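>>> Quick one: sequence and predicted model below, then my questions.
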Amino acid sequence: MIPIKTERELEIMRRACKITAAARALAGEMVRPGVTTRQIDKAVHDFIVSQGAKPTFLGYGGFPASTCISVNEVVIHGIPSDRVLKEGDIVSVDVGAFWGGFTGDCAATFACGNISPAAKKLIEVTEQSFYEGIKFARQGNRVSDIGHAVQSWVERNGFNVVRAFVGHGVGEQMHEEPEVPNFGAPGRGPRLFKGMTLAVEPMVTEGTYEVRVLKDRWTTVTADGKLAAHYENDILITDGEPEILSVPEGF
């Protein structure tokens, strides 16, 4: 069953999403040569707690940190560590904050110092693919209309979208129905209705879309070792344009 949020629930969720988006922005500001991924994770954790919220990821399914920090060929679910970021890295940060019974969930990929033109294009195409997708996140359309637009944009620009992981509904739980793939034919899947909240999250690769999960059972890398980028926001289906919930404005 796909949850439809009430206005009161949406007020709470907006706050959770704003905290999450502000945490993502903080992480992005910290991405620079010489910083460890663990330092970023601690700063995000402390910020979320300072807002009276809880890091959604910490302990989720046994995950050992408050953020997923994925560098270069790591697509998603990178575990923060003493790894020192270096010039030219690209760093994907995925974060969630639970407040008032609802969670926010968002991600972005950041440049560490000067990066290659190819890496810059990958980040830009990934972010724009989210916006191409949500053009179709309108009441009456179907879930697959979003993913079809994402895939079309990504492939038109010479990249691929990951198939093994998808977006999802979000609200009282981090993962709710429906699944929101970033690929596939349009006109399929559940119909979109006002009050649905979705985490739309393109995961885009420089080479093959195939991935593999490392022995830690979390870290997911591209099968060919090429770069990957990730961009995610929570959105609300309205009776018009979708509302992006994970923005720090007015925080």
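Yes, it's here.

>>> where does the stretch 101-250 of the chain dip in pLDDT?
Along the stretch 101-250 of the chain, segments meeting pLDDT under 70 span 250.

>>> Could I get the full set of strands for it?
102-111, 160-161, 167-169, 176-180, 197-200, 203-205, 211-213, 220-222, 228-230, 233-236, 243-244 (DSSP state E, counting those that start in this stretch).

>>> who are the neighbours in contact with residue 197?
Counting by CB atoms under 8 Å, 6 or more residues apart in numbering, residue 197 touches 3, 5, 10, 13, 169, 170, 171, 234, 235, 236, 237, 245. Yep, even glycine has a C-beta here, placed from its N, CA and C like the rest.

>>> Name the single longest helix found in the chain.
helix 7-30 (DSSP state H).

>>> what separates the residue lying closest to residue 119 once chain neighbours are set aside from residue 177, distance-wise?
For residue 119, ignoring the flanking residues on the chain, the nearest one in space by CB to CB, 6 or more residues apart in numbering is residue 90 at 5.1 Å. Residue 90 sits 32 Å away from residue 177, going by CB to CB, to the nearest Å.

>>> Of the two, give the one with the bigger neighbour count.
Using other CB atoms under 10 Å as the criterion, residue 90 and residue 177 rank with residue 90 on top: 26 against 14.

>>> can you give me phi and psi for the more buried one?
Main-chain dihedrals, residue 90, degrees, to the nearest 10: phi -120, psi 140.

>>> Show the contacting residues for it.
Residue 90 sits in contact with 71, 72, 109, 110, 111, 112, 115, 119, 122, 123, 227, 229, where contact means CB under 8 Å, 6+ apart.

>>> re the thing from before, if we compare the strands of the stretch 101-250 of the chain, which one ends up closest to residue 77?
Evaluated over these, closeness to residue 77 peaks at strand 220-222, with 5.2 Å, by CB to CB.

>>> Give me the contacts around that closest one.
Strand 220-222 is contacted from outside by 70, 73-77, 164-165, 205-208, 210-214, 228, using CB under 8 Å, 6+ apart.

>>> again, 6 Å this time
73, 74, 75, 76, 77, 205, 211, 213, 228 (CB atoms under 6 Å, 6 or more residues apart in numbering).

>>> List just the nearest of those residues to residue 35.
residue 74 (16.4 Å).

>>> Just give me the neighbour total for that closest one.
By other CB under 10 Å, the residues close to residue 74 number 24.

>>> cool, and residue 76?
Residue 76: 23 neighbours (other CB under 10 Å).

>>> can you pull the contacts of it?
Residue 76 sits next to 70, 220 when contact means CB under 6 Å, 6+ apart.

>>> List the strands paired with the host helix or strand of residue 91, with their directions.
Assigned by DSSP states H and E, residue 91 belongs to strand 90-99. If you go by DSSP bridges, strand 90-99 pairs up with strand 54-55 (antiparallel), strand 67-71 (antiparallel), strand 102-111 (antiparallel).

>>> That strand vs helix 7-30, what angle?
Using axes from the mean of the first three to the mean of the last three CA atoms, to 10 degrees, the direction of strand 90-99 lies 150 degrees away from that of helix 7-30.

>>> would you put the C-alpha positions of strand 90-99 in PDB?
The C-alpha trace of strand 90-99 is given here as PDB (Å, rounded to 0.1, in the frame of the first residue of the first chain):
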ATOM      1  CA  ILE A  90      34.300  12.800  -6.700                       C
ATOM      2  CA  VAL A  91      32.400  12.200  -3.500                       C
ATOM      3  CA  SER A  92      28.800  11.100  -3.200                       C
ATOM      4  CA  VAL A  93      27.100  11.800   0.100                       C
ATOM      5  CA  ASP A  94      23.800  10.200   1.000                       C
ATOM      6  CA  VAL A  95      22.200  11.300   4.300                       C
ATOM      7  CA  GLY A  96      18.900  10.900   6.200                       C
ATOM      8  CA  ALA A  97      17.400  12.600   9.300                       C
ATOM      9  CA  PHE A  98      14.400  11.300  11.300                       C
ATOM     10  CA  TRP A  99      12.400  14.000  13.000                       C
END
